[in-house]
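> Predicted structure and sequence below. I'll ask about it afterward.
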Number of protein chains: 2
Amino acid sequence: MEQITIENGVENVQQLPAFDDDFGGVMVELEEHMDSDVFRTLLKTSMSQWKLQGKKGVWIKLPIHLSNLVDTAVKEGFVYHHAEPDYLMLLYWIPKTKNPIPANASHIARVGAIVLNNKREMLVVQEKLGPLRGVWKISTGIIHEGEDISEGVVREVKEETGIVTEFVQVLSFSEAHNVFFGKSELFFMCMMRPLSFDIQIQETEIEAAKWMALEEYAASSKEYTSCAREQGLRMHITELIANAERGYSGFSPSKEYDNQSCIYFNKSDLEKKKTINNLKD
Amino acid sequence: MEQITIENGVENVQQLPAFDDDFGGVMVELEEHMDSDVFRTLLKTSMSQWKLQGKKGVWIKLPIHLSNLVDTAVKEGFVYHHAEPDYLMLLYWIPKTKNPIPANASHIARVGAIVLNNKREMLVVQEKLGPLRGVWKISTGIIHEGEDISEGVVREVKEETGIVTEFVQVLSFSEAHNVFFGKSELFFMCMMRPLSFDIQIQETEIEAAKWMALEEYAASSKEYTSCAREQGLRMHITELIANAERGYSGFSPSKEYDNQSCIYFNKSDLEKKKTINNLKD
C-alpha cells in the first residue's frame, strides 16, 4: 500500500490495494488485519481517485476476520451485495445511472428422485424433520453450487437411502417463490434407474425408507390433503410415472454442444426428427 | 427488551428480542439503534439462555443501519449466512452436530428468447457491454427473485427490444458453474411468439436490434468461434428452431396441479398419451 502509481495523470498515494474488473470497476481484496481508522483514511483517498478516473462499481471483499471494517465501509456509503460464511462483499456504485449489477444469487435448485424397481415399486422415505415428517415421499434434496443436477440427484438418493442410481432424465421442473429468505426455488423432477436395491438409511435426516407399490403411492396422493403443494406434486408424479411407462419424453442432458455446460432437452424428439429428416434427405 | 419470561424453568432477564423458528432455532431481529457494548452484553446473556434451552440455530438479522453490531456478533462466534443490499444475516449453530442449514441461494436463473416472425426471421440484439459486444445474439436476461420464468422472458424481450411477446415453451435448459461469484447458472431457452413487430431498443444496454433471417443466423454459428460456449449455444439454437418447425416438444407451464407453483413439462406428450389411453379405456 506504499506504492505510488500514475494513472490518467492522477497521482495515487496510499490507496487500498485493488484491481480492475471487466466492467469498468475495481475490486478491493483485503487479507491483513487493518485498523478501522487507517482503513477509513485509505478508503476516502481511494474513492476520490476512482471517482476522478471514472470508475463505475467499487467492490470490497472483506474476509470475516476483518469484520471490524464493515461499519466503516457502510458509513462511507457502501451497501452489502452478498455474503458467504467466510466473507462479506460490499458495493459502491459511483455513476449517477441506475446500478445494473445483478443482485446476488436468486434461486435454489432442488431435485426429487423417482426411482422405480422392476416390481413397479418406488423408493420412498420419511424425513425426521420439517413439515412432511412421517409422510412417505420421494427422496428430495438441494443441488450444491457447482454441482450438476444429474450428479446432485444421484448423490442425494445415495445419501438418504444407500441406493445407487443412474440418472435418466428430467421429467418436469417447477418454480416456487419466497421459499427460503425470499429466494425462489426451481425443483427438478428426475427419473432415476436403480443400480442397487438394499436400503441403508441416513440416520440423521431420514426416519425410514422403503420400496412402495406404485398403486399404494397413487392412492396416497388422493388422501394426502394437508399441503396443497405436496398433494399437487404427488398427483403430478403419479401421472408422470404412468406416462413414462408409455414413452413420455422429458429432457436428457448432453455435453455435445459445449463440454463445459450441460444442456438438457427432449433428445428423443430431436433424434426422431433427425431420423425423419435424414430419411427425407 | 425489559421483559422477563420464564421458559423451561429458566428465568430470562434482559435478552435480545427473538422469536422461535420452525426448526428448533431462534431469530433475532433488531431495528432500533443499539450501542455495541449493550449488544455484546445482551447477546452473551441470550446465548447462555438459548444453549440451556437446547436451541439449535441462532439467527441475527442486522439491517444495514446497524452495521456497528456486525463486528461484535462475529467476535461472539457468529458467521455470515447471506446478505442483501439492506441487511446482513448471521448464524450461530449451537449443537455439536454438523450444521444442516442450507447455504444461501446457489443459482442464477437466466433466459434466452427465440422470437420468430412469420418471415422466418429471428429477433436479435447487440449488447453495449460485456464479452459479446458487437455480436448479433438472441435477447437474454436474468430472472428476478419471485418472478416466473415465463414472465421474466417476456419482460426482458420487451425491455431490450420493445417487442411484445407471448411465452410458448421452454425448449431446453443448460447449467453452467462458477458464473458469478462462484454461483451456478441455469439458462432456460424459451420459444416466444411475437405479438408486435416494431423494434424500439433500450438505449442503456442495447446497441442495436433487428429481425435476422434464420439462414443468416445459422451461418453465423459456424463462423463465431471466439467463445466455445456461445458457439455451442448458437448451434443448439439453430437445431432447436429446425426441430420446432417439425413439432419438437419442450416443456410448457401449467398451474393445474397447484395454483401457487408452476410446473413445466412435456404437455403435448402427456396429452397425446392421455388421448391414446382414453381411447384404450
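All right, it came through fine.
> Look up the closest residue to A:Glu29, ignoring the ones flanking it.
A:Lys61 (4.9 Å; C-beta to C-beta, 6 or more residues apart in numbering or on different chains). C-beta here means a position set from N, CA and C on the backbone, and glycine is covered the same way.
> Tell me how many other residues crowd that neighbour.
Other residues near A:Lys61 number 16, with proximity taken as other C-beta atoms under 10 Å in any protein chain shown.
> can you check A:Gly146 too?
14.
> Let me see the contact set for the spatially closest residue to it that is not a sequence neighbour.
Spatial nearest neighbour of A:Gly146, excluding adjacent residues (C-beta to C-beta, 6+ apart): B:His177 at 4.6 Å. Contacts for B:His177 (C-beta atoms under 8 Å, 6 or more residues apart in numbering or on different chains) come out as A:Glu145, A:Gly146, A:Glu147, A:Ser261, B:Ser184, B:Glu185.
> Looking at those, state which has the most neighbours.
Going by other C-beta under 10 Å, B:Ser184 tops the contacts of B:His177 with 24 neighbours.
> Next up, the contacts around it.
A:Ala109, A:Ile143, A:Glu145, A:Gly146, A:Glu147, B:Ser106, B:His107, B:Ile108, B:Glu175, B:Ala176, B:His177, B:Asn178.
> Tell me how far the nearest residue to A:Lys119 once chain neighbours are set aside lies from A:Phe167.
Computed as C-beta to C-beta, 6+ apart, the closest residue to A:Lys119 that is not its neighbour in sequence is A:Trp211, at 7.4 Å. Look at A:Trp211 and A:Phe167: by C-beta to C-beta, to the nearest Å, they are 19 Å apart.
> Comparing the two, which residue is more hemmed in?
The residue with more neighbours, out of A:Trp211 and A:Phe167, is A:Phe167; 21 against 18, by other C-beta under 10 Å.
> Can you classify the nearest residue to the more buried one once chain neighbours are set aside as helix, strand or coil?
Closest residue in space to A:Phe167, ignoring its immediate chain neighbours: A:Ser150 at 4.1 Å, by C-beta to C-beta, 6+ apart. Here A:Ser150 is recorded as helix under DSSP: H, G, I helix; E, B strand; the rest coil.
> again, but for A:Val154
Going by three-state DSSP: A:Val154 is helix.
> Test my guess that it contacts A:Val168.
No - A:Val154 lies out of contact with A:Val168 (C-beta atoms under 8 Å); the separation is 10.8 Å.
> Settle it for me: which of the two has more neighbours?
A:Val154 (21 against 17).
> how about the more buried one, what does it touch?
With C-beta under 8 Å, 6+ apart, A:Val154 has these contacts: A:Val164, A:Thr165, A:Glu166, A:Phe167, A:Met192.
> The residue nearest to A:Glu29 contacts A:Val26, doesn't it?
No - in this structure A:Lys61 lies outside contact range of A:Val26 using C-beta under 8 Å: 11.4 Å.
> A:Met122 and A:Ile206: what is the separation?
16 Å.
> ok, those two, which is more surrounded?
A:Met122 (22 against 19).
> For the more buried one, grab phi and psi.
In terms of degrees, to the nearest 10, the main-chain angles of A:Met122 are phi -110, psi 140.
> Okay, it and B:Phe265: tell me how far apart.
18 Å.
> Give me the pLDDT for the closest residue to A:Leu214 other than its chain neighbours.
Closest residue in space to A:Leu214, ignoring its immediate chain neighbours: A:Arg120 at 4.9 Å, by C-beta to C-beta, 6+ apart. We have a pLDDT of 93 for A:Arg120.
> Count the neighbours of A:Arg120 for me.
12.
> same deal with the one 5 residues further on?
Burial measure for A:Val125: 25 neighbouring residues, criterion other C-beta under 10 Å.
> Same question for the one 5 residues further on.
When counting by other C-beta under 10 Å, one arrives at 10 neighbours for A:Gly130.
> quick one: is the helix or strand where A:Thr41 lies near chain B?
Here A:Thr41 sits within helix A:36-52, counting by DSSP states H and E. No - Helix A:36-52 stays clear of chain B (C-beta under 8 Å from any C-beta of the partner chain), getting no nearer than 8.8 Å.
> CA-only coordinates of the helix or strand that that helix is followed by in CSV, if you can.
Using DSSP H and E, the helix or strand that follows helix A:36-52 in sequence is strand A:57-63. Output of strand A:57-63 as CSV, limited to C-alpha atoms (Å, rounded to 0.1, in the frame of the first residue of the first chain):
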residue,chain,number,x,y,z
GLY,A,57,-18.6,-0.2,-9.4
VAL,A,58,-16.3,-0.4,-6.4
TRP,A,59,-16.3,-3.8,-4.7
ILE,A,60,-14.8,-4.5,-1.3
LYS,A,61,-14.4,-8.2,-0.3
LEU,A,62,-14.0,-8.4,3.5
PRO,A,63,-13.0,-11.8,4.9
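> can you list the residues that contact strand A:57-63?
A:18, A:21, A:23-31, A:47, A:50, A:69-70, A:73, A:78, A:81, A:86-94, A:99, A:101.
> Likewise for stretch A:214-221?
A:Leu116, A:Arg120, A:Glu121, A:Met122, A:Val124, A:Trp136, A:Gln231, A:Arg234, A:Met235, A:Ile237, A:Thr238, A:Ile241.
> Can you flag the buried ones in those residues?
Among these, the ones that count as buried by 16 or more other C-beta atoms under 10 Å in any protein chain shown are A:Leu116, A:Glu121, A:Met122, A:Val124, A:Trp136, A:Gln231, A:Arg234, A:Met235, A:Ile237, A:Thr238, A:Ile241.
> Next step: the contacts of strand A:57-63 restricted to helices.
A:Met47, A:Trp50, A:Val70, A:Ala73 (DSSP state H).
> ok, and the closest non-adjacent residue to the third one?
I take that to be A:Val70. B:Val70 (4.4 Å).
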